[in-house]
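Trainee: Provided below are the primary sequence and the corresponding predicted coordinates.
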Amino acid sequence: MKRGRLPLTALRSFEAAGRLGSFTLAAEELLVSQAAVSRQVKELEAELGKPLFERRHRSVRLTPSGHALLGVLSRAFDAMDASLSEIRGRRGGGLLEISAEPSFAACWLVPNLEAFHEDHPEIDVVVDSDTRLIEFRTQDAEIAIRHGTDAKAWSRVDAERLAAVEMVPVMMPCLRADGPPLNAPADLMAYTLLHEENRSAWQRWFAAAGLPDVTLTRAQIFTEGNLVLQAALRGHGVALVDRSFAAEDIAEGRLVQPFDISISYGAYWLVARDFKRLSPEARAFREWLLRSFGVDQR
C-alpha cells in the first residue's frame, strides 16, 4: 500500500484499542466517541480483509493478525512521538514533570522533595498524582513511579526497582494507652482496623502472625494508602502501612508499632520510556531518587 493511502486515523484508533484492550478507553484517550473508534477499526478490518479483534460480550480480544499489527504500530507511534517531543523541545528548560502513585507522592515524595530542590535549585518539579501508568506519549510526564510486583508489569518501557514495600501495623500512642491491652497479635481484633482497598492485606498479616483463620469485622476501608495513614494519625484505628511511609511519624512519637511483624507487598518502581534518552532534568531526578533509596547505580 502506498504511503499516501495509509489509513492513519484508523490505524491510530486500532493501536489505542489494542494497547488498552478496550474501545471505550481508546475513545477516552483519543477524545472521540466509542462509536467512532469502533467504526474506524471496522473500516480497517474491511481494508485488510481480516478481523483484528474478536468481539465478545463487553470485551474485545486481539486476533493473531491484530497482535502482529499492534506490535509494529506501537513501536512506530512510540518512535514518532519521541522524535516529535525532541523537536518540539518539550523537555529541558529547567522543568520536569513526573507522575507518581498518590500514596508515594503524599507519604514519601512531598516530604523529601525539598532535598532534591536543595541539590538542584535550577529544576522545577511538577508532580502529577495518578495511579494509571502513563504511556509517555500524550502526557507531559517524562518519568513515573509506580507500585507493582515486578518489572514485567509494564510493557514497552524501562523499569528500575526502587524499594520493597514492607507493611507494618501502626497506631497512635494514646489509642494504645487507652484501649484494650495488646499482649499478642490477636488482641488487635478488639480495635478498628484501617484497610487499603480491601481486607486482604490485614488477612495476610494475621496469617504471618500465626492466625490464618481470623474473621475481620470492625474495619474502615480507604482507596489509598496515604488516607489510611492519615486516619491512623487521627486515632481512627490501627493501620497497616508501608514502613517507610510511617518511619518519620514513628521516630517522632506520633505513631507506635505494636508488633514487629511485617508482610511484603510488592515494590515501588521507577518507570520511563527509555532511561538512555532522559532529559538532563530527568536524569538528575532519577539519580537522586536511586541514591535516596540506596540503589546501586552501577
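Mentor: Thanks, I have the structure now. Computed from a predicted model, the values in this text were never measured in an experiment.

Trainee: continuing past the helix or strand where Val37 lies, what's the next helix or strand?
Mentor: For Val37, the host element (DSSP states H and E) is helix 34-48. Scanning forward in sequence from helix 34-48 by DSSP H and E, the next helix or strand is strand 53-56.

Trainee: got any ranges where the stretch 101-250 of the chain has weak pLDDT?
Mentor: 132-140, 151-155 (pLDDT under 70).

Trainee: What are the boundaries of the strands in it?
Mentor: For the stretch 101-250 of the chain, the strands defined by DSSP state E, counting those that start in this stretch cover 124-129, 143-148, 158-170, 193-196, 219-222, 238-242.

Trainee: Quick one: the helices in the stretch 1-150 of the chain, in order.
Mentor: Along the stretch 1-150 of the chain, the segments classed as helices by DSSP state H, counting those that start in this stretch run 8-20, 23-30, 34-48, 64-88, 102-104, 110-119.

Trainee: gap between the third one and the chain center?
Mentor: It stands for helix 34-48. Centroid separation for helix 34-48 versus its chain: 31 Å, with CA atoms, centre = their mean, to the nearest Å.

Trainee: So which bits of it are buried?
Mentor: Buried residues in helix 34-48, counted by 16 or more other CB atoms under 10 Å: 37-38, 40-41, 44-45, 48. Every residue, glycine included, has its C-beta placed from N, CA and C.

Trainee: Of those, which is the nearest to Ala272?
Mentor: Distance to Ala272, by CB to CB, is smallest for Val37 among the buried residues of helix 34-48, at 28.0 Å.

Trainee: dump the residue contacts of the closest one.
Mentor: Applying CB atoms under 8 Å, 6 or more residues apart in numbering, we find Val37 in contact with 13, 16-17, 23, 26-27, 30.

Trainee: 7 Å instead, please
Mentor: Going by CB atoms under 7 Å, 6 or more residues apart in numbering, Val37 touches 13, 17, 23, 26-27, 30.

Trainee: now for those, which pair is the farthest apart?
Mentor: Using CB to CB, the contacts of Val37 span at most 10.4 Å, a distance reached by Phe23 and Leu30.

Trainee: Ala267 versus Leu175, what's the distance?
Mentor: For Leu175, the distance to Ala267 equals 30 Å [CB to CB, to the nearest Å].

Trainee: Check Leu8 too.
Mentor: Distance from Leu8 to Ala267, by CB to CB: 39 Å.

Trainee: again, but for Pro121
Mentor: Distance of Pro121 to Ala267, given as CB to CB: 31 Å.

Trainee: more neighbours, Leu8 and Ala267?
Mentor: The neighbour count for Leu8 versus Ala267, taken as other CB atoms under 10 Å, is higher for Ala267 (17 against 8).

Trainee: Is that one bridged to anything, and to what?
Mentor: Beta-bridge pairing of Ala267 under DSSP bridges involves Gly148, Ala164.

Trainee: Next, the contact list for it, please.
Mentor: Applying CB under 7 Å, 6+ apart, we find Ala267 in contact with 148, 161-165.

Trainee: switch to 8 Å and redo it
Mentor: By CB under 8 Å, 6+ apart, the contact set of Ala267 is 147-149, 161-165.

Trainee: Any chance of the residues you listed in a markdown table with neighbour count and distance to Phe206 as columns?
Mentor: Shown next, in a markdown table, are the contacts of Ala267 (neighbours: other CB atoms under 10 Å; distance: CB to CB, whole Å):
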| residue | neighbour count | distance to Phe206 |
| --- | --- | --- |
| His147 | 18 | 22 |
| Gly148 | 18 | 24 |
| Thr149 | 11 | 21 |
| Arg161 | 15 | 28 |
| Leu162 | 21 | 28 |
| Ala163 | 18 | 24 |
| Ala164 | 14 | 21 |
| Val165 | 22 | 18 |
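
Trainee: most neighbours per residue, which of the strands of the stretch 101-250 of the chain?
Mentor: Among the strands of the stretch 101-250 of the chain, the stretch with the highest mean neighbour count (mean count of other CB atoms under 10 Å) is strand 238-242, at a mean of 26.
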